[in-house]
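K.L.:
Let's see this in three dimensions:
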Amino acid sequence: MKILILGGKKFLGIALVEAMLERGHTPVLFNRGRTNPALFPKVTNLIGDRDGDLNALKRRKWDAVIDTSGFVPRIVRQSAQMLSGKCETYVFISSVSVYTDYRTPDISETYPLAQLDDPTTEDYTGDAYGPLKALCEYEIQQAFDGRVLVIRPGLMVGPNDPSDRFSYWPWRVSLGGQVLAPSPPSANLQFIDVRDLAAFIIKQIEAKSEGVFNVTGPRKPATFGSLLVACREASLSDASFVWVDEDFLLKEGVKPWSDLPLWVPTSDPAFAGFYNININKALKAGLTFKPLSQTVSDTLHWLKTRPSSLKLKVGMDIATETELLLKYHRESSN
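P.N.:
Here you go, the predicted structure:
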């Protein structure tokens, strides 16, 4: 099959190209040519701009298109209109952030979607990210004549992750010593290895599937404790984990998700469903998972290929962590 990727040179795009080549398909990329320009030299790369310069897509046809870079409804509408009639399936990479809230566990694909007070906004870097993705889904449904496959991933993890949210933990645990971890170790986590996500998408295209799928994992939610143990085993470090109370962390101004990546306070009812996304539909459609140990090991290996001077984008520095641990030990001993 000949499959067009809008994007293709970052994270999920890389995993998609590798999965296509492995399964004997022909990927074609469309992007501005700015990100990783030397990557995949034998793969056709069409240069253009989604916002107004789609000329490279004219007079061409594909079996499917995968939209990995759609964030603004107006821009997504342009590509959906251009590609309508030029390919059989439009795959849109959305997000579980489209849902109106996370107050209810077991959130399925029919859960209400978030809405914007100002639907004309195009700033997708903050709270509008999820609602804009929902509007993008709508625009494709209206503008594209063919099968529409909407993929709503949870947190994507693994090699080439530009966010460093998952990568922080293999990195930190590999350093050894006492590691500050948010209590309780039994807290649920959900994430999807980007390569498992890519494989699922390609299989759905092959099966001529359509509809909406939540895609995260593992089959049963992991826990913070199991993740950190996997990180220790993969790195062969001497790390020990200090499970610090949420109340202490919040009192000290530690920011969930950024200072301690993946951490969402379990005491907050607003996030009861955040790591409780229902993936039964994707499982029935053939979603499979690599072992957590492999995801951690491969992520750690990839981290070692990056320049040592490159700092992670999230997570606390060692000095701050040490200071917090000392204070926590002092208060716990009183």
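K.L.:
Number of residues surrounding Leu250?
P.N.:
Using other Cβ atoms under 10 Å, Leu250 is surrounded by 15 other residues. (C-beta placed from N, C-alpha, C; glycine too.)
K.L.:
Quick check, it in contact with Trp263.
P.N.:
No. Assessed by Cβ atoms under 8 Å, Leu250 is found out of contact with Trp263, at 10.5 Å.
K.L.:
any idea where the helices of this structure begin and end?
P.N.:
11-22, 73-83, 129-143, 168-174, 194-206, 224-235, 246-251, 280-284, 292-304, 318-333 (DSSP state H).
K.L.:
between the ones you listed, which one is nearest to Glu109?
P.N.:
Ranking the helices of the chain by proximity to Glu109 (Cβ to Cβ) places helix 280-284 first, at 6.3 Å.
K.L.:
Could you pull up the mean pLDDT of that closest one?
P.N.:
Across helix 280-284, pLDDT averages out at 98.
K.L.:
Which elements pack onto that helix?
P.N.:
Applying 3 or more Cβ pairs under 8 Å, 6 or more residues apart in numbering; DSSP states H and E, we find helix 280-284 packed against strand 211-215.
K.L.:
List the buried residues in the strand it packs on.
P.N.:
212-215 (16 or more other Cβ atoms under 10 Å).
K.L.:
on that earlier part again, rebuild the helices of the chain as TSV, extending it with distance to Leu4.
P.N.:
Output for the helices of the chain, formatted as TSV (distance: least, Cβ to Cβ, whole Å):
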stretch	distance to Leu4
helix 11-22	11
helix 73-83	8
helix 129-143	14
helix 168-174	33
helix 194-206	11
helix 224-235	35
helix 246-251	45
helix 280-284	23
helix 292-304	27
helix 318-333	44
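K.L.:
Go through the ones you listed and name the closest to Pro184.
P.N.:
Nearest to Pro184, of the helices of the chain and by Cβ to Cβ, is helix 224-235 at 7.7 Å.
K.L.:
Which positions within that closest one qualify as buried?
P.N.:
224-232, 234-235.
K.L.:
which one of these is nearest Glu323?
P.N.:
Of all those, Glu323 sits closest to Leu228, with 20.6 Å by Cβ to Cβ.
K.L.:
Could you pull up the contacting residues of that closest one?
P.N.:
Contact criterion Cβ atoms under 8 Å, 6 or more residues apart in numbering gives 169, 173, 179, 181, 185, 239, 241 as the residues in contact with Leu228.
K.L.:
Of the buried residues of strand 211-215, which is the nearest to Asn280?
P.N.:
Once Cβ to Cβ is applied, the member of those that ends up nearest Asn280 is Asn214, at 8.7 Å.
K.L.:
Quick check: the one residue sitting closest to the centre of the chain vs Leu57, distance?
P.N.:
Geometric centre of the chain, nearest residue: Met156, 2.7 Å, by Cα atoms, centre = their mean. As judged by Cβ to Cβ, to the nearest Å, Met156 and Leu57 stand 26 Å apart.
K.L.:
follow-up on the earlier one: dump the contacts of Leu228 to JSON lines, plus pLDDT, distance to Val43 and neighbour count.
P.N.:
Below are the contacts of Leu228 laid out as JSON lines (pLDDT from 0 to 100; distance: Cβ to Cβ, whole Å; neighbours: other Cβ atoms under 10 Å):
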{"residue": "Trp169", "pLDDT": "98", "distance to Val43": "32", "neighbour count": "25"}
{"residue": "Val173", "pLDDT": "98", "distance to Val43": "35", "neighbour count": "26"}
{"residue": "Val179", "pLDDT": "98", "distance to Val43": "40", "neighbour count": "20"}
{"residue": "Ala181", "pLDDT": "98", "distance to Val43": "41", "neighbour count": "23"}
{"residue": "Pro185", "pLDDT": "97", "distance to Val43": "43", "neighbour count": "15"}
{"residue": "Ala239", "pLDDT": "98", "distance to Val43": "40", "neighbour count": "19"}
{"residue": "Phe241", "pLDDT": "98", "distance to Val43": "43", "neighbour count": "18"}
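K.L.:
Just these: which are in strands?
P.N.:
179, 181, 241 (DSSP state E).
K.L.:
Contact partners for the first one?
P.N.:
Under the criterion of Cβ under 8 Å, 6+ apart, the contact list for Val179 reads 172-173, 228, 239-242, 321.
K.L.:
State the distance from it to Ser240.
P.N.:
From Val179 across to Ser240, the span is 7 Å (Cβ to Cβ).
K.L.:
partners of Asp53 in the sheet?
P.N.:
Residues in a beta bridge with Asp53, per DSSP bridges, are Asp49.
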